[in-house]
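1. build me a model:
(2 chains)
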Amino acid sequence: MLNLTDSTTAVAPDTAAAAFEPRIVAFVCKWCTYAGADLAGTSRMVYPPNVRTLMLPCTGRIDTSFVLRAFLQGADGVLVSGCHPGDCHYTAGNFRARRRWTLFRDLLDVIGFDLNRLEIAWVSAAEGAKWVKIITEFTEKIRNLGPYHDMRRVASDHVPPIAPPAGGHGTVVSRDRQGAEARARPQLHADRHVAGGGNGRVRAPAQLTEAATEALRGGKVNVILGWVRNRTLGQARPTWIAQPEAAADLVAPGDAGNLARLLKRPEVRALLPAGIVARAAEVMALNVLAQEAQLDPAKVFLFVVAPDGRYLGLMDLAEATERVVADNVKGLDDDRPAGFSDETLAALDELMARLPRDRWQFWAAQFEKCIKCYACRGSCPLCDCETCFADRNQPQWFPTGSDGPGNLGWHVIRAFHLAGRCVGCGACQEACPAGIPLNLMGAALSRSALRHFGHRAGVSSRGVPLQSDYRTEDGEAFIL
Amino acid sequence: MSRIGVFICHCGENIGRTVDCARVAETARGFPGVVYAVDYRYTCSEPGQAQIREAIREHRLTGVVVGACSPRMHEKTFRRAVQDAGLNPYLCEIANLREQCSWVHTDRQEATRKAIEIVRSTVARVQRNAPLSPIRVPLTRKALVIGGGIAGIQAALDIADGGVEVILVERSPSLGGHMAQLSETFPTLDCSQCILTPRMVEAASHPRIRLETYAEVERLEGFVGNFKAVIRRKARCVDVARCTGCGSCWQKCPQKKIPSPFDEGLGTRTAIGIPFAQAVPNKPVLDKAHCTRFKTGKCGVCAKVCPTGAIDYEQEDELLTEEVGAVVAATGFQVLGKEAFTAYADGDDPDVLTGLQFERLASASGPTGGEIRRPSDGREPRTVVFVQCAGSRDPARGRAYCSKICCMYTAKHAMLYRHKVHSGRAVVLCMDVRTPGKGYDEFYRRAVEQDGVAYVRSRAARIYRENGQFIVQAADTLNGGERLDIRADMIVLASAAVPQPDVKALAQKLGIGYDADGWLAEAHPKLRPVETNTAGIFLAGACQGPKDIPESVAQASAVAAKVLGLFSNRELQRDPVVARVNRQPPPVYSSCIGCFTCEAGCPYHAIEREEIRDRKGSLVKTVARVNSGLCQGCGTCVSLCRSKSIDLDGFTDEQVFAALAELAEA
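-> Down below sits the predicted model:
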């Protein structure tokens, strides 16, 4: 029944536009909007029959994936509606929903989705007339916009096949450039974090090596996460060492990846307390992990390395945050999320300056390249679920195939799962063998979190997760 | 294999007029999983319900879809019918074909098409419904009332009279609250203590009320029916079992000049003593901050004079843990102090009084024995200006709301002053006079007409001293804004009622909400005025907003009805729509990784942390668990969960996806 993988057959021909009847799916809460829609009926008001309502207890229950899925399955427009702020039957479900949709809309905007097709409204149990007005106007709006196929088709007839990878490791940039140039699109580079050279030939600072040896020998830590030289490929490779003698093999941090990801491994966790060679990217990731109860800050010791490769000393998480994150963040202006490189943010600005249609085409071409290897997931220190939603089949959250809809579903939901958490280390896009600029989605969501909620991920190990929290005065300009 | 029955109701003409019900039923017969479909004129009627019951038995249905009116109308009816036929009621779903289809559309063909799609979607959903049973939660039949003012006393008495044990906790040394401070009460002018103290004694001597005065609630854990409260019994330095309340200790106490909080600072008290003569319990408390022995180590007179040896300087705070099933917050209010009004004689003039101070002045048990005298020089004031709305209806000074009680008590104050000082002049500056209430307007008219109180519609712009007298700058706004400079000897501010200063800490302790002004939040302003959003916690009296005595008492009795209603059950039954965190066999245990994003996002604090341990007892992981006694089923946690380890019974992701697939696809 859920035939989502076939991206070609389900699409109605455009010639049917004349007789086009929009299909609108409305996700509504049980207490306010559903009752308001009932009131419209009891009052015998009339509105177009294009809307199909799906009732849930609260807007807090409405998963952003539901909306994505509605579009993937053929909806031309989607409405999300619930109680006005302050009226929530469950006190504050709608406040959290408001944050969720603020962020999700910004994500959809980055990928060039036409936000006219997603309406969000507060409709109380007394507002039958408002319900009628919204449905009538929204139906008309969608009728004018025409049928929606983009998500199921996710472009790509216009995009040439993926250029084959042009080499081994260390050539990610050129590979990406090659792909991009082949499509004559402006370049959106992968981030480069060069801290001491990524070729694995630069030894780790002597003090670091000494401190690491000492920490292992003295039993302060059982394991150290660091970089060693991968002799075959000739680059710095993340690994963990448990023998004091092995500390001599440590090299300067590589230019890709985030060591904090190794903490996902049960065999590493079993060895805590751990030392970790930490740049700002690691420190920030560790803060998020600590905030989400995935890490006891007392069980990590950080061998902190400055951006220029200098060894700053052995610190706990709070001190490391103060040394390599806090100052950095203080200098940032209000529109600048922490952790992301200038290049990424410039690329984001450039992308956002384009028309939505062009953004959609850009991402369609990018998603087209995805081979669903899940390297992005594996490399991300914060993609830490033991069972990923992508691996669930009851229900299946998005089409599993490595095609347009399947790839779009994966990347959009994954990006959203990192909303308010992504620290911009760029490990995902460094890991991506297809050269998809994944960090752009992270940057867009981080900027959204900062603009709307003043939230910066990874700058503290305390605080409530962004989407769990709310303020009554959070903005809602986009809500009807 | 699903065996779904579909029942399409015509609702007389209501659905049938616009929707071709027969065609809907006929089409439904072809849907996957449907074994039986029929249309009927009135499915909610007894024959209609009988049709459902028979079909369940005859066709061995595993699920039922009724296409009829809104589920808000008859879902319960149909689920009961399904249950009567031996099927789990949660295997019945309603397709709303009336309020959201036939009544709002005119085109028969379009409406029929929509109806078919709604039914198809509901059929897909019901196939993924799971049988659910009401959640049963055991119950401790004991109530905790926090606050021993009139609201708390009334609630405790009513609950105890209903046969339930009550613990009444009051943080000051005596019951009584603000009402005990009042001189006389509007609109009857009966003496406040005369009507209150019998209630205080009744509460103290009730066999089912346990009094904990000079005690505070330290912590509250648990959920409706199953709270665990930790109460701090503060050290009185007096063994209450030995103390007879004879009074020797406070008569001999050398520290006599301590400002009395009960007299609002106008009178004095001793370091050991009871706050007022009728205090309940009649057991003194030693104030360590002012006691000479605790300050210098050289005194101990009270211990020497105590005939029963009840003084115990070494006494320490005790922590008591009590299990209760319901909690009543009756923590009351405060009034804005005069220091908030810097324009009125710099906010620190002794002859500018708050309404509560004037009550003490007018009270027969007060510092002047009921005579109206200026605190500064003890002289009788010739002119008193009463300033209404001092801080109320005044967002500039932070309180936008009307404090509700001030119009009436100002009329009372002016009246009392005129009764006591016959030649005195009483001037009231008011914005409006609001007197809704039985006998209230008559009372105010009496102040004006019989007692000659002058009401001027004005606010006091500034009050300052000139040659020993006050000059009150005002403008008669009903008389062309004529500038008035009123000479006065005493000023009484009807200062705003404000929440207790530590109300937010209390709200956090109890896990309940408060509004922007700091009043504790009721669950619904109209329909659930005495409940909070946390099941099992109720509100009585002015902690929820300014209230006069009759309202506080009425609300307290309403709370008692709610508590007794709750306790009328042997156990609690809850709707089974609650969230669940998945559990799997070892070594996985659960796909939950314990990030607790859900915990912070739950409006009901229903997410708990569960430590999973292996056989040897070592910790495998800490995962989330939903306390189904607390969960209200909003599903916010489900959407917050990234690993999709939480689901909501009755609205599972699978159900939503199945329904959505049918709705979104043309």
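
2. in the chain, where is pLDDT below threshold?
-> If you meant another chain, say so; for now it's chain A. Applying pLDDT under 70 to chain A flags the ranges A:1-18, A:154-199, A:331.

3. my question was about chain B, not that one.
-> In chain B, residues with pLDDT under 70: B:666.

4. spatially central, which residue of it would that be?
-> residue B:539 (2.9 Å; Cα atoms, centre = their mean).

5. and the gap between that residue and residue B:329?
-> 5 Å (Cβ to Cβ, to the nearest Å). The way it works is simple: take the backbone N, C-alpha and C, and place the C-beta from them, glycine included.

6. show me the common contact partners of these two, please.
-> B:520, B:532 (Cβ atoms under 8 Å, 6 or more residues apart in numbering or on different chains).

7. and residue B:144, its phi and psi?
-> For residue B:144, the backbone dihedrals (degrees, to the nearest 10) come out as phi -110, psi 120.

8. who are the contact partners of the residue nearest to it when sequence neighbours are not counted?
-> Spatially, and ignoring its direct neighbours in sequence, residue B:144 is nearest to residue B:324 (4.3 Å; Cβ to Cβ, 6 or more residues apart in numbering or on different chains). With contact taken as Cβ under 8 Å, 6+ apart, residue B:324 is in contact with B:140, B:142-144, B:167, B:227-229.

9. for these, which one is nearest chain A?
-> residue B:227 (19.3 Å; Cβ to the nearest Cβ).

10. hang on, isn't residue B:473 packed against residue B:485?
-> Yes. Residue B:473 lies in contact with residue B:485 (Cβ atoms under 8 Å); the separation is 5.9 Å.

11. so between the two, which is more surrounded?
-> Between residue B:473 and residue B:485, counting by other Cβ atoms under 10 Å in any protein chain shown, residue B:473 is the more crowded of the two (16 against 10).

12. what residues does the stretch 151-300 of chain A have near chain B?
-> A:292-294 (Cβ under 8 Å from any Cβ of the partner chain).

13. ends of stretch A:318-333, how far apart?
-> 23 Å (Cα to Cα, to the nearest Å).

14. buried set for it?
-> Residues A:320-321, A:323-326, A:329 are the ones in stretch A:318-333 that count as buried (16 or more other Cβ atoms under 10 Å in any protein chain shown).

15. circling back: greatest separation within the contacts of residue B:324: which pair is it?
-> Longest distance between any two of the contacts of residue B:324 is 13.8 Å, between B:143 and B:228; criterion Cβ to Cβ.

16. okay, now the spatially closest residue to residue A:121 that is not a sequence neighbour: neighbour count?
-> Leaving aside its chain neighbours, residue A:121 sits nearest to residue A:480 (3.8 Å; criterion: Cβ to Cβ, 6+ apart). Neighbour count of residue A:480, defined by other Cβ under 10 Å: 15.

17. how close does residue A:480 get to chain B?
-> 19 Å (Cβ to the nearest Cβ, to the nearest Å).

18. am I right that that residue is in contact with residue A:118?
-> No. With contact defined as Cβ under 8 Å, residue A:480 does not count as touching residue A:118 (11.5 Å).

19. and the residue in the stretch 151-300 of chain A that chain B sits nearest to, what is it in contact with?
-> Closest residue of the stretch 151-300 of chain A to chain B, Cβ to the nearest Cβ: residue A:292 (4.0 Å). By Cβ under 8 Å, 6+ apart, the contact list for residue A:292 reads A:421, A:465, B:595-597.

20. switch to 10 Å and redo it
-> Residue A:292 makes contacts with A:382, A:384, A:421, A:461, A:465, B:593-597, B:600, B:642, as judged by Cβ atoms under 10 Å, 6 or more residues apart in numbering or on different chains.

21. where along the stretch 101-250 of chain A do the strands fall?
-> Counting by DSSP state E, counting those that start in this stretch, the stretch 101-250 of chain A has strands at residues A:118-122, A:223-230, A:235-241.

22. can you map out the helices along the stretch 201-350 of chain A?
-> A:206-217, A:266-269, A:280-291, A:317-320, A:327-330, A:342-352 (DSSP state H, counting those that start in this stretch).

23. off-centre distance for the second one?
-> Distance of helix A:266-269 from the chain centroid (Cα atoms, centre = their mean, to the nearest Å) equals 25 Å.

24. so what touches that helix?
-> With Cβ under 10 Å, 6+ apart, helix A:266-269 has contacts from A:222-223, A:225, A:240, A:242, A:261-263, A:274, A:276, A:294-295, A:299, A:386, B:587, B:621.

25. just the buried ones among those, please.
-> A:222-223, A:225, A:240, A:261-263, A:274, A:276, A:294-295, A:386, B:621.

26. okay, among the residues you listed, which ones form the most distant pair?
-> Across these (Cβ to Cβ), the longest gap, 22.4 Å, separates A:222 and A:386.

27. residues in contact with residue A:465?
-> Neighbours of residue A:465 in contact, by Cβ under 10 Å, 6+ apart: A:288, A:291-292, A:419-421, A:455, A:457, B:595-601, B:640.

28. how about the helices of the stretch 201-350 of chain A in TSV, adding distance to residue A:32?
-> Shown next, in TSV, are the helices of the stretch 201-350 of chain A (distance: least, Cβ to Cβ, whole Å):
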stretch	distance to residue A:32
helix A:206-217	57
helix A:266-269	44
helix A:280-291	33
helix A:317-320	43
helix A:327-330	39
helix A:342-352	34
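
29. ranking those by burial, who's on top?
-> Mean neighbour count (mean count of other Cβ atoms under 10 Å in any protein chain shown) peaks for helix A:280-291 among the helices of the stretch 201-350 of chain A, with a mean of 27.

30. give me the nearest residue to residue B:195, chain neighbours excluded.
-> Nearest to residue B:195 is residue B:185, by Cβ to Cβ, 6+ apart, at 7.3 Å.

31. try residue B:398
-> Nearest one to residue B:398, counting by Cβ to Cβ, 6+ apart, is residue B:391 at 7.3 Å.

32. now swap in residue B:344 and tell me
-> residue B:463 (4.3 Å).

33. neighbouring contacts of the helix or strand harbouring that neighbour?
-> Here residue B:463 sits within strand B:462-466, counting by DSSP states H and E. Strand B:462-466 is touched from outside by B:341-347, B:349, B:351-352, B:385, B:387, B:470-474, B:485-488, B:491, B:493, with contacts defined as Cβ under 10 Å, 6+ apart.

34. repeat the analysis, applying 7 Å as the threshold.
-> B:343-345, B:470-473, B:491 (Cβ atoms under 7 Å, 6 or more residues apart in numbering or on different chains).

35. how far out from the middle of the chain is the next helix or strand after that strand?
-> Next helix or strand after strand B:462-466 toward the C-terminus (DSSP H and E): strand B:469-476. Its chain's C-alpha centre and that of strand B:469-476 lie 40 Å apart, by Cα atoms, centre = their mean.

36. so what are the sheet partners of strand B:469-476 and their directions?
-> Using DSSP bridges, the strands paired with strand B:469-476 in its sheet are strand B:462-466 (antiparallel), strand B:482-488 (antiparallel).

37. which one of those strands lies nearest to residue A:334?
-> strand B:462-466 (42.3 Å).

38. CA atoms only: put that closest one into CSV for me.
-> Included here for strand B:462-466 are C-alpha records, laid out as CSV according to Å, rounded to 0.1, in the frame of the first residue of the first chain:
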residue,chain,number,x,y,z
ARG,B,462,1.8,63.0,44.9
ILE,B,463,1.6,63.1,48.7
TYR,B,464,4.1,65.1,50.7
ARG,B,465,4.5,66.6,54.2
GLU,B,466,4.0,70.3,54.9
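
39. distance from that strand to the middle of the chain?
-> The answer for strand B:462-466 is 41 Å, by Cα atoms, centre = their mean.

40. buried residues, that strand. List them.
-> So strand B:462-466, judged by 16+ other Cβ under 10 Å, has buried residues residue B:463.

41. what of stretch A:446-458?
-> Buried, per 16+ other Cβ under 10 Å, within stretch A:446-458: A:446-450, A:452-453, A:455-458.

42. can you check stretch B:138-149 too?
-> Neighbour-count burial for stretch B:138-149 [16+ other Cβ under 10 Å]: B:139-149.

43. got the contact list for the residue lying closest to residue B:636 once chain neighbours are set aside?
-> Ranked by Cβ to Cβ, 6+ apart and with sequence neighbours excluded, the top spatial neighbour of residue B:636 is residue A:60, at 3.1 Å. For residue A:60, the contact set (Cβ under 7 Å, 6+ apart) comprises A:90, A:93-94, A:96-97, B:634-636, B:639.
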